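Q: make a model of this:
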Amino acid sequence: MPGLNLAVDAMSATPPYEQIRMQVIDAVRSGALIPGDKLPTVRRLAEDLRLAPNTVARSYRALEQDEVIETRGRLGSFVAATGDAPHRQVQLAAVAYSDRARSWGVAPEEALAIVRAALGLGS
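A: The predicted structure follows:
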């Protein structure tokens, strides 16, 4: 399918279902997949990637929980109209964090340093 070029690295420490999940999210973020785009069936993608159907189904379930895709019964799975839900959730978490830091009197520079450390970026 155009916009979706998935590959699974069998030598990666990242499980195949997670590799698929992250590649679909990246395709949505980059605009390669847009809301309404239809994804391959679980069976078809499993065949294409030479994986067990349960592995692909696990990826699709995780993507549904992340609100990146939606399954419409026998019609199949589609990129959700909500777009990039994980990115939106991170933005909401950032706003909540900044509000809480402000309410506790933490200086913006210190709050930012805490986040940078949590992300492993140092200061």
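
Q: in stretch 36-54, what counts as buried?
A: By neighbour count on 16 or more other C-beta atoms under 10 Å, the buried set for stretch 36-54 is Asp37, Leu39, Pro40, Val42, Leu45, Ala46, Leu49, Leu51. Heads up, the C-betas are built off the backbone N, CA and C, glycines and all.

Q: now Leu51. Nearest residue, chain neighbours left out?
A: With sequence-adjacent residues excluded and distances taken as C-beta to C-beta, 6 or more residues apart in numbering, Leu51 is closest to Pro16, at 5.7 Å.

Q: and that neighbour, how many residues sit next to it?
A: 19 (other C-beta atoms under 10 Å).

Q: my read: it touches Val8, true?
A: Yes: using C-beta atoms under 8 Å, Pro16 is in contact with Val8, at 4.7 Å.

Q: overlap in contacts, these two.
A: Both Pro16 and Val8 are in contact with Leu49, Leu51, where contact means C-beta atoms under 8 Å, 6 or more residues apart in numbering.
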